[in-house]
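Give the three-dimensional model of this entry:
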Amino acid sequence: MLIKNCLPPRYQRRSKMFTVPASVLLLLGVMPISVCFQCEKNVPHCVTSLIVDNSFTMIDKEKGPLYTENRKVLSARYGQEVDINSVITADGWNMTRKLITANGTMPGPDIIVHQNQKITIVVYNHLLSEEISIHWHGIEQFGTPAMDGVPFVTQCPILPGQSFNYTFTPHIGGTYFYHSHSGVQSDMGLFGAFVVLRERDPTPLECQKIVQLQEWNHLHDPETILKSLNHVDTTADPINYFTGSHSVLINGRGEYDNNMAPLTVFRFNVSETYLLRVISASSNKFFLFSIPGIKLTVKETDGDEILPITVDKIIIYPGERYDIELNLQSVPEGLYNITVNLLVGRTLVVNREKNVGIAMVHVTNSINSYATVLNDSDTSEVVLNCPFLIYPNEPNFTCVPVSQLKSMNLEKEIHVNKKSNRTASHFLNFSYRGTKQSAVNGRIFRNPSVAALIQPDEVDVSCPRCDAENYCTCSYSVNLETGAEIILVMSNLGKEFLDTHPIHIHGHKFQILRMGLLSITSTGDVIPTNDLRCSESLTNEESLCYSVKWDNKIWNNLSNIPDINFQNGVRKDTIILPAGGYVVARIWATNPGVWLLHCHMTRHLFEGMAVMLNESFQHVVNLPSDIPICTSFYNKKKYLPQNTETTTPSSQTITKSTQSVHNTFTTKSKTSMFGENEDSVVLGIIITLAVLACLLVISNLYTIHVLRSQGKASITGH
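I've put the predicted structure just below:
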């Protein structure tokens, strides 16, 4: 095994490449720490590590607090310039904010491997007070469901001081990323790029650039915003209690209010073709990505190679990735800006004035020279990934929905289990319940108290209080039939407020068959689709839409649905669900595991917009034998106040059936091997054993004493 450390594009300075035998590192009990990891091409199994700990913005360990000036970072204490690559500047706001990072950088180190190459990433939790987990976003984990990194679904969280070895083989090339799936840690900086290289990739690695996007609030950490400020009136002091985004960061750098903070800089040679691997690590915001003056040729999304399409702008939602080719031979030399605008509200109003993310792009005939500034004069612009039929209030935008992308179907399908000839449809409505709860089919998701994949008999997935118009809170699960073609009709309907949701699936890629796009009135109101019916007795406007069906029953035969694309629909693991609209997607239940399906907006996931897909669980094999388990502790009655009723946690028994998983409740206390009065009996046995042990010791001591006395007598007599 060989480990290569490399410098990612965001740092823009040269460093020597070197390799270290991983076996030596393992024997020494250490792993390499670097800002980038690239596995050697011909190595069958690579090993690297992520050390998770707190970091801090705008502070240097030796020179103290920092401030920015003319794209430089200076010490507030000494006035000396500080290397911008040694600190985390974010948007340059001169207040320190606590982060959670991997290997001390935000974003974390890039991890670059090759297709079908096994990798082990040892994740160490060096935090003092928080558990962690790492999800490998977009990696389908064929045959390794325990490596998916979702706490209380596929694993127990990694506690402070513990580590977890994630070992898996990425079978499908493309742009992915890793991030914490615990709480709001991803929003606090715990994420990084994960790239799987293909043999057929036409762009050399040195011409591939990773571009990671995130929104940024420099006053408050995400947990404070999520659990406190979002639920209180902040109008009295909207500046100090601002809960939105002050800025947009590109590879961890941005600026606020023209403070001239350091920005990410790319230098491109006009004679080369470059590939941008664009990743949205956003928690809640939607971005409009463009490079004014340069056309964007989209070659791939979420690891699926598509028929190339040239556009001017791309809407990128949380969790999505786009691979963009830049052919610069016809582009005038000059200074361009990667521009990332925030999109506001469900009509996606483009914020052009404030909080714009900027990175500099120097296009020259020499990689080391600088360029003059050029401005874009185009008026008509093609925008990819619109959720609309027509973009409201943007007459110069021509919308191309993602459902119009065509997969090249270059990857061979991978099926851990064999496909069957059966088809099953599941209707899932993603909606709000009031202002503080989110749900799927009215089920507000709460994590089990154990790892569902590893401890299935201890999970309760029943939702007994839910029906067509009543919500409930539970560990919602949908059972998928082994080998079947699964049609997911995901909708966004109901009398509650409608909003756009980026839906992410674990363990799979959706094949997008059809989208019901969003229609907006001139006043900004959503016009919901009429293709779906929420209730047999209520109108869609009156219903909560917890039991959705096709309005036209002949659509139950999918071939009757107009414009449905089974042939080359794009494959994505994160898809936008338009407000008032729907998405028809297909997967095959051939990858056994327990997979989370959820909205990728942090607040909505926290509030319960998720469901577990229980897929062919009886075929899950080769789980690590020593993988940790976890549980809640319930005190026995004798330790609780008298007259207090208690029940043991309900459990789930997953049967070995291809049709469904049988769920059972039980409030029956576990009977001890000692009977009902177990405590008294146990105490008596312990006392008896203790007395017998004492007698045995005394007897042995007496025997030794006698033998020694006899020995002394023999010697004296001789």
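
Please make it C-alpha for all contacts and neighbour counts, starting now.
Fine.

who touches stretch 183-191?
52, 98-102, 106-108, 177-180, 221-223, 281-283, 602, 606 (C-alpha atoms under 8 Å, 6 or more residues apart in numbering).

Derive a PyMOL selection command for the buried subset of those.
In PyMOL syntax, the buried subset of the contacts of stretch 183-191 is picked out as below (16 or more other C-alpha atoms under 10 Å):
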select buried, resi 52+99+100+101+102+106+107+108+177+178+179+180+221+222+281+282+283+602+606
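
Give me the subset of the contacts of stretch 183-191 lying in strands.
52, 98-102, 177-180 (DSSP state E).

quick one: which two of those are the most distant?
Lys98 and Phe177 (22.1 Å; C-alpha to C-alpha).

Leu50 is in what secondary structure piece?
Here Leu50 sits within strand 45-56, counting by DSSP states H and E.

next SSE after that strand?
strand 59-60.

and the helix or strand that that following strand is followed by, what other elements does it pack with?
Downstream of strand 59-60, the first helix or strand assigned by DSSP H and E is strand 64-69. Judged by 3 or more C-alpha pairs under 8 Å, 6 or more residues apart in numbering; DSSP states H and E, the packing partners of strand 64-69 are strand 59-60, strand 72-75.

could those strands be laid out in a markdown table, adding mean neighbour count, distance to Glu413 and mean pLDDT?
Compiled in a markdown table, the helices and strands packed on strand 64-69 are given as follows (neighbours: other C-alpha atoms under 10 Å; distance: least, C-alpha to C-alpha, whole Å; pLDDT from 0 to 100):
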| stretch | mean neighbour count | distance to Glu413 | mean pLDDT |
| --- | --- | --- | --- |
| strand 59-60 | 21 | 49 | 94 |
| strand 72-75 | 20 | 49 | 95 |
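
Val594 is nearest to which of those?
Between those, strand 59-60 lies closest to Val594; by C-alpha to C-alpha that is 42.0 Å.

Return the list of strands paired to the closest one, each annotated with direction.
Here strand 59-60 is paired, per DSSP bridges, with strand 64-69 (antiparallel).

Return the strand it pairs with as CSV; C-alpha atoms alone will do.
Provided in CSV are the C-alpha atoms of strand 64-69 (Å, rounded to 0.1, in the frame of the first residue of the first chain):
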residue,chain,number,x,y,z
GLY,A,64,-3.3,35.7,17.7
PRO,A,65,-6.4,37.3,16.2
LEU,A,66,-6.3,38.4,12.5
TYR,A,67,-7.8,40.9,10.2
THR,A,68,-7.9,41.3,6.4
GLU,A,69,-6.5,44.0,4.1
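
Buried residues of that strand, list them for me.
For strand 64-69, by 16+ other C-alpha under 10 Å, it's 65-68.

CSV please, covering these and showing distance to Gly149 and pLDDT.
Shown next, in CSV, are the buried residues of strand 64-69 (distance: C-alpha to C-alpha, whole Å; pLDDT from 0 to 100):
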residue, distance to Gly149, pLDDT
Pro65, 35, 95
Leu66, 36, 95
Tyr67, 37, 95
Thr68, 37, 95
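
The strand holding Leu50 to strand 98-102, inter-axis angle?
Going by axes from the mean of the first three to the mean of the last three C-alpha atoms, to 10 degrees, strand 45-56 is angled at 170 degrees with respect to strand 98-102.

Quick one: mean pLDDT over strand 45-56.
In this model, strand 45-56 has an average pLDDT of 97.

Check stretch 235-248 too.
pLDDT averaged over stretch 235-248 gives 82.

which residues are contacting that stretch?
91, 213-220, 225, 229-230, 234, 254-256, 340, 342, 354-358.

and these, which are buried?
Applying 16+ other C-alpha under 10 Å to the contacts of stretch 235-248, the neighbour count classes 91, 213-220, 225, 229-230, 254-256, 340, 342, 355-358 as buried.

Out of those, which sit inside strands?
213-216, 340, 342, 357-358.

How far does stretch 428-443 stretch from one end to the other?
In stretch 428-443, first residue to last residue: 10 Å (C-alpha to C-alpha, to the nearest Å).

Contacts for that stretch, please.
Taking C-alpha under 8 Å, 6+ apart as the rule, stretch 428-443 contacts 444-445, 463, 466-467, 469-474, 476, 488-494, 496-498, 544-548, 604-605, 607-611.

Now intersect those residues with the helices, please.
Among the contacts of stretch 428-443, the residues falling in helices (DSSP state H) are 604-605, 607.

Dump those residues to a markdown table, plus distance to Ile158.
A markdown table is the format used below for the ones in helices among the contacts of stretch 428-443 (distance: C-alpha to C-alpha, whole Å):
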| residue | distance to Ile158 |
| --- | --- |
| His604 | 23 |
| Leu605 | 20 |
| Glu607 | 22 |
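
now the helices for the chain?
With DSSP H as the criterion, the chain has helices spanning 22-28, 222-227, 602-607, 678-717.

which of the ones you listed has the lowest average pLDDT?
Among the helices of the chain, helix 22-28 carries the lowest mean pLDDT (a mean of 34).

correct me, but Gly143 touches Thr590?
No: using C-alpha atoms under 8 Å, Gly143 and Thr590 do not qualify as a contacting pair, with a distance of 10.0 Å.

neighbour count winner among the two?
Thr590 (24 against 21; other C-alpha atoms under 10 Å).

Can you name the residues that contact the more buried one?
415-419, 482-484, 615-616.

Swap in 7 Å and give it another go.
Neighbouring residues of Thr590 by C-alpha atoms under 7 Å, 6 or more residues apart in numbering: 415-419, 482-483.

Adding distance to Gly319, write the helices and strands packed on strand 64-69 out as CSV.
What follows is the helices and strands packed on strand 64-69, written out as CSV (distance: least, C-alpha to C-alpha, whole Å):
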stretch, distance to Gly319
strand 59-60, 29
strand 72-75, 31
